[in-house]
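**Q** Show me how the following folds:
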Amino acid sequence: MGSGGTVAGAVVVEDGRVLLIRRRVAVGELLWTFPSGKVEQAESVRSAAAREAMEEAGVVVAPTVVLGGRVHPVTGWRVLYVACRVLSGTAGVASPREVAEVAWVGAAGLRGLIPGGVYGPVRGYLDGALTA
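**A** All right, here's what the predicted structure looks like:
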């Protein structure tokens with residue numbers, strides 16, 4: 001993803017679980033993430049989130065709302081998180097060069113896979129969307 005620019009993170013929820021990907025190469029202690037990638041020139045953050053969900057996990061999603069943004073404490077990148085709902089497709093490793101594994105996780109699984117916890121506004125959204 002490199003330095004500079006903005007990263008879009010797709011927060012994809014379906015059936016009380018959120019979609020995570022395990023990167024082939026960890027960034028610091030960050031191994032499991034939401035599907036995410038750099039927002040391209042002339043691309044909206046919503047479009048970038050939908051594109052990354054397709055490129056990394058093979059699902060077609062509809063971005064619904066930007067949940068918030070921050071400079072990520074591990075990567076140093078500016079990340080905007082976008083809530084998305086699945087329109088079609090079955091999640092799987094769509095980019096083997098970048099992604100090692102995908103998983104649908106509930107609230108307990110999320111706590112175990114994201115060191116340091118999930119960004120506040122995203123956690124608030126997921127608190128109402130995930131099952132234990």
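**Q** hey, where'd the strands end up in the chain?
**A** 6-14, 17-27, 30-33, 36-38, 60-71, 78-88, 99-105 (DSSP state E).
**Q** Could you look over these and pick the most buried one?
**A** strand 6-14 (a mean of 24; mean count of other CB atoms under 10 Å). In this view, the C-beta of every residue, glycine as well, is placed from N, C-alpha and C.
**Q** Where does pLDDT dip in this protein?
**A** 1-4, 115, 132 (pLDDT under 70).
**Q** picking up where we left off before, any chance of the strands of the chain in a markdown table, plus distance to residue 111?
**A** Formatted as a markdown table, the strands of the chain follow (distance: least, CB to CB, whole Å):
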| stretch | distance to residue 111 |
| --- | --- |
| strand 6-14 | 16 |
| strand 17-27 | 12 |
| strand 30-33 | 11 |
| strand 36-38 | 19 |
| strand 60-71 | 18 |
| strand 78-88 | 17 |
| strand 99-105 | 9 |
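**Q** Mind checking the ones you listed for the one nearest to residue 121?
**A** strand 60-71 (3.5 Å; CB to CB).
**Q** residue nearest the centroid of the protein?
**A** residue 34 (2.0 Å; CA atoms, centre = their mean).
**Q** Distance check, it against residue 65.
**A** 15 Å (CB to CB, to the nearest Å).
**Q** Contact partners for the residue sitting furthest away from the middle of the chain?
**A** Here the chain reaches farthest from its C-alpha mean at residue 42, the gap being 20.8 Å by CA atoms, centre = their mean. Not one residue lies near residue 42 by CB atoms under 8 Å, 6 or more residues apart in numbering.
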